[in-house]
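Colleague: From the sequence below, what's the structure:
(one chain, ligands or ions: 1)
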Amino acid sequence: MGLLDGKQGLIVGVANERSYAFHIAEALTQHGATCAYAHLPGEKNERRTGRAVEKITPNPWLCPCDASSDDDLDALFERYKKDFPRLDFLVHSIAFADRDWLQPGKFCVTPRKAYLDAIDISAYTLSAMAGRAKDQMAANGGGSIMAMSYYGSEKVVPGYNVMGVAKAALEATSRYLAWELGAFNIRVNTISGGYLRTLASSAVGGVDTMEEMARTKGPLRRGVEGSDVGKTAVYLASELGSGVTGENIYVDCGMNILGI
Ligand code: NAD
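Modeller: Predicted coordinates for the structure are as follows:
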């Protein structure tokens, strides 16, 4: 028997098989959950996401959604509700910042629009999705919402720049949502993942040494794997995490404890 037998939910953020969201979906599915997927609009994006998740979910439910559009968000949650009776979990695993400003030395010249777009897509959308998920989750007794964060929210990671600001906003957003939605037994948490080579992380300048740092100086002497985060997602989505909300859980092989 799986920890998530009978549970259904929505995963936002699978771009390909390296995406954190892919590893989360894989782990949730292994434990019995049914996953539906949102992807960026466009045929190419649909094909790319579909090709990846078909390995986990045969004939996957796919829906286009640019999270910066309220209309797209409305359409996503309406379509999901029509096709699935339950919404037990929601995975927010998306972020965006114009890579031109993700370089050491570029933070203080980041234009207003680039700064606000990063916060909009990487942080505000958690609140926008949670608000749209609330009624369906509450109707079945509650649920679990989780979002992916990074330690650059708390400490300076040169080059992470405006994305660090967006992750700080994301973590605070998660805590405020945890309080407000806790009244409906909806738990909201962030997972602070370690560095993983993905499309999104390749946009950040100056992170080439992260993997080696983890291997040589990290507590577990290895870099994080997607499956490490997947297992924590299972814990958060299942009854094992029933008393956990408003938390930021590090899944970074211990890198955050280092003072060097
Ligand atoms: P990824 O590139 O595989 O995933 C990023 C996703 O964001 C993609 O699926 C992309 O389509 C989506 N996205 C971007 N703009 C969007 C928009 N406007 N609307 C809808 N979707 C949009 O990279 P990833 O590393 O798996 O990133 C997933 C999450 O994990 C992000 O929040 C990222 O900041 C976080 N994270 C990544 C690392 C890492 O080292 N890779 C570490 C910690 C946290």
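Colleague: any idea how far Ala52 is from the ligand?
Modeller: Using C-beta to the nearest ligand atom, to the nearest Å, we find Ala52 at a distance of 9 Å from the ligand. Just so you know, the C-beta spots here come from the backbone N, C-alpha and C atoms, and that holds for glycine as well.
Colleague: Next one: Pro60, what pLDDT does it get?
Modeller: Looking at Pro60, its pLDDT reads 98.
Colleague: Using just helix, strand and coil, how would you label it?
Modeller: coil (DSSP: H, G, I helix; E, B strand; the rest coil).
Colleague: what residues does the stretch 51-200 of the chain put near the ligand?
Modeller: 65-68, 93-96, 121, 148-150, 193, 195-196, 198-200 (C-beta under 6 Å from any ligand atom).
Colleague: List the ones among those that fall in strands.
Modeller: Counting by DSSP state E, the part of those found in strands is Met148, Ser149, Gly193.
Colleague: Looking at those, state which has the most neighbours.
Modeller: The residue in those with the most neighbours, by other C-beta atoms under 10 Å, is Ser149 (27 neighbours).
Colleague: can you pull the contacts of that residue?
Modeller: Contacts here follow C-beta atoms under 8 Å, 6 or more residues apart in numbering; on that basis Ser149 touches Lys167, Leu170, Glu171, Ser174, Thr190, Ile191, Ser192, Gly193, Asn248.
Colleague: which residues does it bridge with?
Modeller: Ser192 (DSSP bridges).
Colleague: Model confidence at it, what's the number?
Modeller: 98.
Colleague: same check, this time on Thr209
Modeller: Note for Thr209: predicted pLDDT of 85.
Colleague: Got the phi and psi for it?
Modeller: phi -90, psi 0 (degrees, to the nearest 10).
Colleague: Asp100 should be in a strand, yeah?
Modeller: No. Using three-state DSSP, the secondary structure at Asp100 is helix, not a strand.
Colleague: pretty sure it contacts Lys113?
Modeller: No. Counting by C-beta atoms under 8 Å, Asp100 sits too far from Lys113 to count as a contact (11.7 Å).
Colleague: Next up, the contacts around Asp5.
Modeller: Contacts of Asp5 (C-beta under 8 Å, 6+ apart): His31, Gly32.
Colleague: Compute the distance between it and Ser238, please.
Modeller: For Asp5, the distance to Ser238 equals 10 Å [C-beta to C-beta, to the nearest Å].
Colleague: what is in contact with these two at once?
Modeller: His31.
Colleague: Show me which of Asp100 and Lys113 is the more surrounded one.
Modeller: Asp100 (13 against 10).
Colleague: What separation is there between the more buried one and Gly143?
Modeller: Counting by C-beta to C-beta, the separation of Asp100 from Gly143 is 38 Å.
Colleague: first to last residue in stretch 24-43, what's the distance?
Modeller: Using C-alpha to C-alpha, to the nearest Å, the end-to-end distance of stretch 24-43 comes to 24 Å.
Colleague: residues of that stretch that come out buried?
Modeller: By neighbour count with 16 or more other C-beta atoms under 10 Å, stretch 24-43 contains the buried residues 24-31, 33-40.
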